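Trainee: Next input, structure requested:
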Amino acid sequence: MSFFSSWAKKITGQPEEATSLSLRANAFEPEVAPLKSEKKHVGPLDEVQVIPEISSMAVPDTLLEPKVEEHEEEELDIIVPENYSLDDLLMLLVESGGSDLHLAVNSPPIVRVHGDLKRLKVDKITSEKIESILHPVMGFEQKEKYFKSGNLDFAYEIKDVARFRANYFNQYYGMAAVFRIIPSKIPTIDQLKLPAVLKKIALFRSGMVIVTGPTGSGKSTTLAAMINHLNETRAAHIITIEDPLEFSHQNKKCIIDHREVGIHATSFADALRATLREDPDIILVGEMRDLETIYQAIKAAETGVLVFATLHTNSAPKTVDRMIDVFPAKQQEQIRSMLSISLKAVVAQQLLKTYDGKGRCAANEILISMSGLGNLIREGKTSMIPSFIQTGREHGMQSMDQSLLEFLKQKKITPKAAKEKANDFNIYKMYGYDLENV
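Mentor: Residues are numbered from 1 along each chain as shown. Have a look, this model is predicted:
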């Protein structure tokens, strides 16, 4: 008999000759009366319903095999050619007014239209089919990068139709890709129905302007509209650094040089360091992904250059916090000081479905640097930025809630859409919108 068995018998009072089965049952389980399917009184307590004996209970099928709730996916009523190519699918994306095309093994092609995913009326894509339509558009170096890392970012163009931002990646079932449309004609600030104050912000002479928002919120399009306004208004040298290159601007009043990370530069940070030797007036940074890129962008803004950049945050206060928190604690005070001087504006953007469901509109929170903002950043009082925005409405500032409330008044969006993006429901109640009960 093992030492453990002897020890278990001693602490449970079991005789030495007890079988291992009875020992195991009594050593680790409390002694309980047999369960009966009946009611009985336990002392002075009220009646207690005793659970039926477990041995007589049938195990529900739902416990043996989880049941997946079936629902019918919405289809897009568009005819797909029988032996379709990648260009065929991208043309259908443009014709449908969609923004994204999703391709994956074991799934039909899916497009995003006005924020909703809709599958095309065609069979699921096989691994052979997806490779036959995705591999041909990659060059040798792109293939080498994709097979080495498992993902690839690049831009693809169908002449006289549109450009597309592409991402290839590997997933459980095999190869997959997402294409986002980039309009060949750059929309204006007025056409996008963005706040007019963005025209003023675009013409700042120095400092940093950050356009922020979640993925797919239209940050790149808003920045392109601001650069386009600059291009039509002011003579300047603009250098864009993107991954991949999206909007292609033609020289009007400005000289515009486009650089793509991975082709024309090894990284955002390296491109930013080199850009300062290229006589820029304006630098556009497609995305500030890491500490080094953020630091180089702030340094560039300190030299007197106007820097446009994007971040994945939802509000102006979170944008400031994100830029500071990415640095080590011992360096944060220095970054606060630098940012308090260089930050000129933050434009936070969210996309919402329109009231009629046939489009989307952009709601914007706008912060503009004025007397007092620098002190809030230096002293780490970013929680007071929303109050600062409220006091600057006459200068074009507005909170996200104010933007959404204005859309509600104009019946551009539904209360349900506003609820998804709202921060403070009490603001809406003052104007008769009870979003909590929508």
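Trainee: what's around L245, how many residues?
Mentor: By other Cβ atoms under 10 Å, the residues close to L245 number 21. In short, each C-beta sits where N, CA and C put it, glycine included.
Trainee: show me what contacts the closest residue to it other than its chain neighbours?
Mentor: Closest residue in space to L245, ignoring its immediate chain neighbours: E260 at 4.3 Å, by Cβ to Cβ, 6 or more residues apart in numbering. Counting by Cβ atoms under 8 Å, 6 or more residues apart in numbering, E260 makes contact with A155, E242, D243, P244, L245.
Trainee: cool, and T303?
Mentor: L276.
Trainee: and the residue nearest to L245, helix, strand or coil?
Mentor: Three-state assignment for E260 (DSSP: H, G, I helix; E, B strand; the rest coil): strand.
Trainee: What pLDDT is listed against it?
Mentor: Looking at E260, its pLDDT is 92.
Trainee: Quick check: bridge partners of it?
Mentor: E260 has the following beta-bridge partners by DSSP bridges: E242.
Trainee: show me what contacts A363?
Mentor: Residues in contact with A363, defined by Cβ under 8 Å, 6+ apart, are Q349, Q350, L351, L352, M400, S403, L404, F407, K421.
Trainee: The last one contacts L405, doesn't it?
Mentor: So that's K421. No - using Cβ atoms under 8 Å as the test, K421 is too far from L405 to be in contact (11.2 Å).
Trainee: And these two? Which one has more around it.
Mentor: L405 (20 against 17).
Trainee: just checking, that one touches Y431?
Mentor: Yes - shown here, L405 and Y431 form a contact pair, counting by Cβ under 8 Å, at 6.3 Å.
Trainee: how would you label E333: helix, strand or coil?
Mentor: Of the three states, E333 takes helix under three-state DSSP.
Trainee: hmm, who's touching the helix or strand encompassing L89?
Mentor: If you go by DSSP states H and E, L89 is part of helix 86-95. For helix 86-95, the surrounding residues in contact (Cβ under 8 Å, 6+ apart) are 78, 80-81, 100-101, 103, 109, 111, 120, 133-134, 136-137, 156, 158, 161-162, 164, 179, 181.
Trainee: Could I get the buried residue list for it?
Mentor: L86, L89, L90, M91, L92, L93, V94 (16 or more other Cβ atoms under 10 Å).
Trainee: Could you give the average pLDDT over it?
Mentor: Mean pLDDT, computed over helix 86-95, is 93.
Trainee: Put the alpha carbons of that helix into CSV.
Mentor: C-alpha atoms of helix 86-95 as CSV (Å, rounded to 0.1, in the frame of the first residue of the first chain):
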residue,chain,number,x,y,z
LEU,A,86,-9.6,39.6,-58.8
ASP,A,87,-10.3,42.6,-61.0
ASP,A,88,-13.9,41.4,-61.6
LEU,A,89,-14.5,41.3,-57.8
LEU,A,90,-12.9,44.7,-57.3
MET,A,91,-15.0,46.2,-60.1
LEU,A,92,-18.1,44.7,-58.4
LEU,A,93,-17.0,46.4,-55.1
VAL,A,94,-16.9,49.7,-56.9
GLU,A,95,-20.2,49.2,-58.6
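Trainee: next helix or strand past that helix?
Mentor: Taking DSSP H and E as the definition, the helix or strand right after helix 86-95 is strand 100-104.
Trainee: Can you list the strands that that following strand pairs with?
Mentor: Going by DSSP bridges, the partners of strand 100-104 are strand 110-113 (antiparallel), strand 174-183 (antiparallel).
Trainee: tell me, how many neighbours does the spatially closest residue to I182 that is not a sequence neighbour end up with?
Mentor: Distances taken as Cβ to Cβ, 6+ apart put R163 closest to I182, at 4.2 Å, once the chain neighbours are dropped. Close neighbours of R163, defined as other Cβ under 10 Å, add up to 20.
Trainee: R163 falls within a strand, correct?
Mentor: Yes - assessed by three-state DSSP, R163 belongs to a strand.
Trainee: Provide a list of residues in contact with it.
Mentor: With Cβ under 8 Å, 6+ apart, R163 has these contacts: A155, Y156, E157, I181, I182, S184, E246, F247, S248.
Trainee: any idea how far it is from E242?
Mentor: 12 Å (Cβ to Cβ, to the nearest Å).
Trainee: list residues touching both of these two?
Mentor: Shared contacts of R163 and E242 (Cβ under 8 Å, 6+ apart): none.
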